[in-house]
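Visitor: Take this sequence and fold it.
(2 chains)
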Amino acid sequence: MKHCCRLAAVVLVSMAPFGARALEYDVGPNTSASYAAECGSCHFPYQPGLLPARSWQRIMANLHDHFGDNAEFGVKARQAIQEYLATHAADVSDNLRSRAVMESLAAADVPQRVTTSPYIAGLHGGLLDPLRGGLPRVDNLVNCTTCHFKAEQGVFKARRYTVSDEAFRARPR
Amino acid sequence: MNIVHRAIAASILGLACGAARADAVSGLLAQYQKQGASNFSAASGQSMWIKPFNDPKTGEPRRCATCHSEDLRRVGKHATTGKAIEPLAPSANKERLTDAEKIEKWLLRNCKWVMARECTPQEKGDFLVMIQSR
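Guide: Sure, this is the predicted structure:
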């Protein structure tokens, strides 16, 4: 199942047409320092290209109850972050990762978390399976950098997810 | 840069942070007093710090110390995400209490998380003098 998901993702990502212009593979790093600092103070600052603008709008409208936490902003910081999200969301970004996110969504879907878009949830379903062997064991998908050691740079292709993975064994503890 | 230069640079940074902290905290305390607070007490701040409040939605007890730990000089842990929270005590973390806007933002968010309401100016001042003394 896990392998199927991975295979499906590879196929999905490589289905992108060979245009004249080379597409970026991944979302790349956050280009707003205030976004990375504000959102990154509690959790991994997910790049905006991992969700459509409509999801970010709803998230920003509900910051007083942000998955059980209060994450309210001052008006100024809030506007800057809203603009950054709107202009870098998956539906306005041209990279293969954002396309894969968008292709997994129906027009009416408004995923509330980065980790609940069908594309990303599908890739990680096996990871949360209690019967899964190997390391690392995670309870949730909050901290991308546990496995995706280049997540800060917006590179999710590189990952370590089993004890047999050299990169995982060699990681600083 | 040799070790002497580094020591000088570190102490200048320390002094600058110390001055910024005095400014930020005294400015906020004056503001809280204008809003009706009287003398501030680190002891009241400390007892509020460890006092549990039951969250009206989940029923779970929440305290400031839930995330920040009881010892402010130690690294805390976010209750939901598990992310490390750098120590609040200025003695362990020079950058703390140096930015009035940041202090107000987190007092607003965290008072609402713990107590399901905003803190009064008196409570906020009590917290600040308590944190400042750590």
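
Visitor: so where do the helices sit in chain B?
Guide: B:3-34, B:42-50, B:64-68, B:100-115, B:121-132 (DSSP state H).

Visitor: Contacts only, for the residue most central in space within chain A.
Guide: The centroid of chain A falls nearest to residue A:50 when counting by C-alpha atoms, centre = their mean (4.6 Å). Contacts for residue A:50 (C-beta atoms under 8 Å, 6 or more residues apart in numbering or on different chains) come out as A:27, A:90, A:97, A:98, A:101, A:114, A:117, A:120. Every C-beta, even on glycine, is put in place using the N, C-alpha and C of the backbone.

Visitor: Tell me the one of those residues nearest residue B:23?
Guide: Each of these was scored against residue B:23 by C-beta to C-beta, and residue A:114 proved nearest at 38.6 Å.

Visitor: How many neighbouring residues does the closest one have?
Guide: By other C-beta atoms under 10 Å in any protein chain shown, the residues close to residue A:114 number 22.

Visitor: Excluding covalently adjacent residues, which one is nearest to residue A:25?
Guide: Nearest residue to residue A:25, sequence neighbours excluded (C-beta to C-beta, 6 or more residues apart in numbering or on different chains): residue A:96, at 5.2 Å.

Visitor: what helix or strand does residue A:44 sit in?
Guide: Residue A:44 is part of no helix or strand when elements are defined by DSSP states H and E.

Visitor: neighbours around it, how many?
Guide: Counted with other C-beta under 10 Å, residue A:44 comes out at 20.

Visitor: ditto for the one 10 residues further on
Guide: Applying other C-beta under 10 Å, we find 16 residues neighbouring residue A:54.

Visitor: ok, so what distance separates the residue nearest to residue A:25 from residue A:90?
Guide: 11 Å (C-beta to C-beta, to the nearest Å).

Visitor: So between these two, which is more surrounded?
Guide: Between residue A:96 and residue A:90, residue A:90 has the larger neighbour count (other C-beta under 10 Å), namely 27 against 18.

Visitor: Make sure the more buried one is actually in contact with residue A:102.
Guide: Yes: at 5.3 Å, residue A:90 counts as touching residue A:102 under the criterion of C-beta atoms under 8 Å.

Visitor: Between the two, which contacts overlap?
Guide: The contact sets of residue A:90 and residue A:102 overlap at residue A:52 (C-beta under 8 Å, 6+ apart).

Visitor: Could you list the residues of chain B in contact with chain A?
Guide: B:57-58, B:78, B:80-83, B:101, B:105, B:108-110, B:112-113 (C-beta under 8 Å from any C-beta of the partner chain).

Visitor: what would the helices of chain B look like in TSV with mean pLDDT?
Guide: As requested, the helices of chain B are exported to TSV (pLDDT from 0 to 100):
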stretch	mean pLDDT
helix B:3-34	77
helix B:42-50	95
helix B:64-68	95
helix B:100-115	94
helix B:121-132	96
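
Visitor: And those helices: which comes nearest residue A:137?
Guide: So among the helices of chain B, helix B:64-68 is nearest, using C-beta to C-beta, at 22.6 Å.

Visitor: distance between that closest one and the chain's centre?
Guide: Distance, stretch centre to chain centre, for helix B:64-68: 11 Å (C-alpha atoms, centre = their mean, to the nearest Å).

Visitor: do the same with stretch A:30-41
Guide: 14 Å.

Visitor: swap in stretch A:106-117?
Guide: On C-alpha atoms, centre = their mean, the centre of stretch A:106-117 falls 12 Å from that of its chain.

Visitor: Next up, the contacts around the nearest residue to residue A:43 once chain neighbours are set aside.
Guide: Take residue A:43 and drop its neighbours on the chain: the residue closest to it by C-beta to C-beta, 6+ apart is residue B:81, 4.5 Å away. Residues in contact with residue B:81 (C-beta under 8 Å, 6+ apart) are A:42, A:43, A:140, A:142, A:143.

Visitor: And residue B:62, by the same measure?
Guide: When contacts are counted by C-beta under 8 Å, 6+ apart, residue B:62 touches B:52, B:53, B:54, B:55, B:79, B:113, B:114, B:115.

Visitor: Filter those down to the buried ones, ChimeraX style.
Guide: This is how ChimeraX selects the buried members of these, with burial counted by 16 or more other C-beta atoms under 10 Å in any protein chain shown:
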select /B:53,79,113,114,115
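
Visitor: which among the contacts of residue B:62 gets closest to residue B:64?
Guide: residue B:114 (5.9 Å).

Visitor: what pairs with the closest residue to that closest one other than its chain neighbours across the strands?
Guide: The shortest distance from residue B:114 to any non-neighbouring residue, by C-beta to C-beta, 6+ apart, is to residue B:62 (4.8 Å). In this structure, residue B:62 bridges to residue B:53 when assessed by DSSP bridges.
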